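J.: Please work out how this folds:
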Amino acid sequence: MCKEPCQDRGVVPRPGAARMTAGAETVVRPLSPTQAATRHRLLDAARELATEGGYEAVGMRQVAARAGVSAPTAYLYFSSKDHVLVDLLVELAGQTTETLSSRPRRGRSPVERAVATLRRAVQHVEEAPNLYVALTRAYIAGSPEVAHARAALETANRRWIELALGDGDVGDRDAVVRILEDVLFANMVGLVTGGRATSEIGDELELAVRTVVRTR
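T.: Numbering: from 1, shown residues only. Below is the predicted model:
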């Protein structure tokens, strides 16, 4: 599976490939424009279903039907509901990174800028709780078909924090980045377990920033 946002790559049948998906052997390789469009319809369908009904509302047959393709066709691109949801999570994380990079917060103290940036990074979680609970639940399931996304998601989260901290001279910067990464991940897991409300994530990140960020 690809290890970065898969906007123009996917799985298509090919003899001799290593992974079995719905009875067919598949392999990652570049997609044609038509195949890429089908893949994006499937991602959009999964997003709509998860937004409407959460994790339980998403199934490969439901995704296929919403996208207007057959279930066997859907399985050529994604091996399971967790696979499609995690690939959607990678895509959404990439979009957030682009937004934060293109319109960085300016004119504030390092702490205030970091708080504003991280609140902005997670604002979509509060706007679409069903969706992000479903995406996180798929990711933390830890099934083999979602392992390919780990590096991309960790990179995205780290990039958000680096953008939040900016080029300020932050004391113990590496430790601060790791702590904020852990706080972000713990709060997303809390959404799945019921220990955290979506409206609390921004507040928790702000508390962490104000606690650990010290400028020199």
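
J.: only C-alpha atoms for contact and neighbour calcs from this point on.
T.: Fine.

J.: Need the distance between the two termini of stretch 66-74.
T.: Start-to-end span of stretch 66-74 (Cα to Cα, to the nearest Å) is 11 Å.

J.: buried residues in it?
T.: Judged by neighbour count (16 or more other Cα atoms under 10 Å), stretch 66-74 contains these buried residues: 66, 67, 71, 74.

J.: Tell me which helix or strand the first one sits in.
T.: Under the criterion of DSSP states H and E, residue 66 resides in helix 60-67.

J.: what does that helix rub up against?
T.: Residues outside helix 60-67 that contact it (Cα atoms under 8 Å, 6 or more residues apart in numbering) are 38, 41-42, 44-46, 49, 70-71, 73-75, 80-81.

J.: of those residues, buried ones?
T.: Judged by 16+ other Cα under 10 Å, buried ones among the contacts of helix 60-67: 38, 41, 42, 44, 45, 46, 49, 71, 74, 75, 80, 81.

J.: which SSE is the residue most central in space within the chain in?
T.: Taking Cα atoms, centre = their mean, the centroid of the chain lies closest to residue 89, which sits 2.7 Å from it. Secondary structure from DSSP H and E places residue 89 in helix 81-102.

J.: Give me the buried positions along the helix or strand just after that helix.
T.: Following helix 81-102 in sequence order, the next helix or strand is helix 110-121 (DSSP H and E). Using 16+ other Cα under 10 Å as the test for burial, helix 110-121 gives 110, 111, 112, 113, 114, 115, 116, 117, 118, 119, 120, 121.

J.: need those residues in CSV with distance to residue 140 and pLDDT, can you?
T.: Shown next, in CSV, are the buried residues of helix 110-121 (distance: Cα to Cα, whole Å; pLDDT from 0 to 100):
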residue, distance to residue 140, pLDDT
110, 32, 81
111, 30, 88
112, 31, 89
113, 30, 87
114, 26, 89
115, 26, 92
116, 27, 91
117, 25, 91
118, 21, 92
119, 22, 92
120, 23, 92
121, 20, 92
